[in-house]
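**Q** Below are the sequence and a predicted model for it; my questions follow.
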Amino acid sequence: MSKGVLVLVNALAIPIAIRYLGAENFGIWTTITLALTMLLVLDLGIANSLTNFISEAYARNDQEHASRYTTTALAVMTCVAGLLGLIGWGLWPHLHWGAFFHISSAIQPETVSHAVAAAFVIFLIDLPSRLATKILGGYQELRTANLFSMIGGVANLGILVLLVKIHAGLTAMVAGSVGALVGADLLCLLWLISIHKPWLRPRIEHLDRTAARRMMQLGTEFFLLQIAGLVVFNSDNLVITHYLGPAEVAPYSVAWRLVGYAAVVQTFLIPALWPAFSEAFERGDIAWVRQTFRRTMWITMGTAFGFSVVFVFAGRWIIRVWATNAAVPSEMLMVLMCVWILISTFMNNTATVLVAKGKTRMQAWCSLASAAVNLVLSIWLVQRIGSTGVILGTIVSYIVILIFPQTIAALRLLNQMEA
């Protein structure tokens, strides 16, 4: 239900925003909000590694183990946020956001700079706050985390409607659209450590070098995966904005979001399967992992294929009705988006097995290589065939570099563990 509400909120927010802001401002708004997601890679992989260590503590029923990792992770993330804040404060006067976004004379560079600054401050708050979701995931209580996300999503939509009614500017739209979600993360963290699981409340004596070292070791591999994911999932709009202008972001971004609904079943399952697989590996219940992996693959690929067929034939019409003619992509872009979502769905299933076991080294380096090829191809192709070249670069890089080694590694892990 929570995920469904978030999908609905997202579906309603896009036409409201694009009709109010117009194509160029919508492109800037979308790029900034996606860049906020990109910056979360600066958590150094600590957040994702925390899920595995909390799952480890949950399997052992060890509250002190969980507390040491939680305290240490919160301390590290707070320090990282503070350091990034100081760096941002020093660099800001020397950054020219108007030139970066390739804006027209109708938009003041100061407006864009203020919008980016608001998003950056909110990001710093979210760095430690988002650990709550990872902790609840490790305890397999994602239903609770999703409830807070749902509250944040509904508040996000309400704030967006209010800002449109009072004719707020771009800066307020950016701050309002991301502030509610981050506020929900912060509220979840405070509730978690003060009421729900008070043994996780940070204590100085629970700062642990061993915990920090283990999180950094596994976190480094997650960090490489996050860098790769950042390039694959979040750099497209930046490339299009820089080379084609922000107005071209609208059709690409809206098509991406629509086709993303083809993987909606997977988005429901994967966050819960990761800690469940991790606990099952810790307990040695490999038969359950194999059975669940097969079922998940059939369910997610089947639904993704069904949605993709619909979007290939009716996606442009849906977008025209949903988000106006300004956001309608080309037919080829829709087809390539649907091809990509099938590849992505398959790869996310195999990746879940590897990250749950902590076997991410090969996956991390292959993903990083794929991301580098993706970025180079996207920049080269976007200048020759337009925005279609960006998604084509993503597809080619995954097929050439990542699909086969990651799939083989996941299947080999399942077979070896069973043996």
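**A** In hand now; what should we look at? Source: prediction; values computed, not measured.

**Q** which stretches of the stretch 151-300 of the chain form helices?
**A** Taking DSSP state H, counting those that start in this stretch as the criterion, the stretch 151-300 of the chain carries its helices at 170-191, 209-234, 236-244, 249-260, 264-283, 286-323.

**Q** export the fourth one as PDB, just CAs?
**A** What follows is helix 249-260, C-alpha atoms only, in PDB (Å, rounded to 0.1, in the frame of the first residue of the first chain):
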ATOM      1  CA  VAL A 249      15.000  16.700 -20.300                       C
ATOM      2  CA  ALA A 250      11.200  16.700 -20.000                       C
ATOM      3  CA  PRO A 251      10.400  14.000 -22.600                       C
ATOM      4  CA  TYR A 252      13.300  11.800 -21.600                       C
ATOM      5  CA  SER A 253      12.600  12.100 -17.800                       C
ATOM      6  CA  VAL A 254       8.900  11.500 -18.200                       C
ATOM      7  CA  ALA A 255       9.400   8.500 -20.400                       C
ATOM      8  CA  TRP A 256      11.900   7.100 -17.900                       C
ATOM      9  CA  ARG A 257       9.500   7.500 -15.100                       C
ATOM     10  CA  LEU A 258       6.600   5.900 -17.000                       C
ATOM     11  CA  VAL A 259       8.600   2.900 -18.100                       C
ATOM     12  CA  GLY A 260       9.900   2.600 -14.600                       C
END
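
**Q** ok now stretch 276-287, how far from the chain's centre?
**A** Using Cα atoms, centre = their mean, to the nearest Å, we find the averaged C-alpha position of stretch 276-287 to lie 25 Å away from the chain's own average C-alpha position.

**Q** pLDDT of that stretch, averaged?
**A** Model confidence over stretch 276-287, given as mean pLDDT, is 86.

**Q** One more: stretch 408-419?
**A** Averaging the model's pLDDT scores along stretch 408-419 yields 78.

**Q** Domain ranges for this structure, per the record?
**A** Under the assignment named as automatic domain parsing, the residue ranges that make up the domains of the chain are 1-210, 235-419.

**Q** what about the longest one, average pLDDT?
**A** The reference is to domain 1-210. Along domain 1-210, the predicted local confidence has a mean pLDDT of 82.

**Q** Equivalent analysis for stretch 330-350, please.
**A** Taken as a whole, stretch 330-350 has an average pLDDT of 92.

**Q** about what we covered before: among the helices of the stretch 151-300 of the chain, pick out the one with the most neighbours on average.
**A** helix 249-260 (a mean of 24; mean count of other Cβ atoms under 10 Å). For the C-beta atoms, the positions are set from N, CA and C on the backbone; glycine is no exception.

**Q** Just want the angle from that helix to helix 236-244.
**A** Inter-element angle recorded for helix 249-260 and helix 236-244: 150 degrees (by axes from the mean of the first three to the mean of the last three Cα atoms, to 10 degrees).

**Q** could I get the domains of the chain as a markdown table with distance to Met216?
**A** Output for those, formatted as a markdown table (distance: least, Cβ to Cβ, whole Å):
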| stretch | distance to Met216 |
| --- | --- |
| domain 1-210 | 7 |
| domain 235-419 | 13 |
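
**Q** The ones you listed: which one's closest to Leu224?
**A** The stretch from these with the least distance to Leu224 (Cβ to Cβ) is domain 235-419; that distance is 3.8 Å.

**Q** thought Leu273 was touching Thr292?
**A** Yes - the pair Leu273 and Thr292 qualifies as a contact (Cβ atoms under 8 Å) at a distance of 6.9 Å.

**Q** Next, the distance between the ends of stretch 395-405.
**A** 16 Å (Cα to Cα, to the nearest Å).

**Q** chain center to that stretch, what's the gap?
**A** How far stretch 395-405 lies from its chain's middle: 20 Å, per Cα atoms, centre = their mean.

**Q** Quick one: residues in contact with that stretch.
**A** Counting by Cβ atoms under 8 Å, 6 or more residues apart in numbering, the neighbours of stretch 395-405 from elsewhere in the structure are 232, 336, 339-340, 343, 346-347, 362-363, 366-367, 369-371, 373-374, 377.

**Q** The residues you listed in helices, which ones?
**A** Within those, membership in helices is found for 232, 336, 339-340, 343, 346-347, 362-363, 366-367, 369-371, 373-374, 377, as judged by DSSP state H.

**Q** Just the buried ones from those residues?
**A** Applying a neighbour-count criterion of 16 or more other Cβ atoms under 10 Å, the buried members of the ones in helices among the contacts of stretch 395-405 are 232, 336, 339-340, 343, 346-347, 363, 366-367, 370-371, 373-374, 377.
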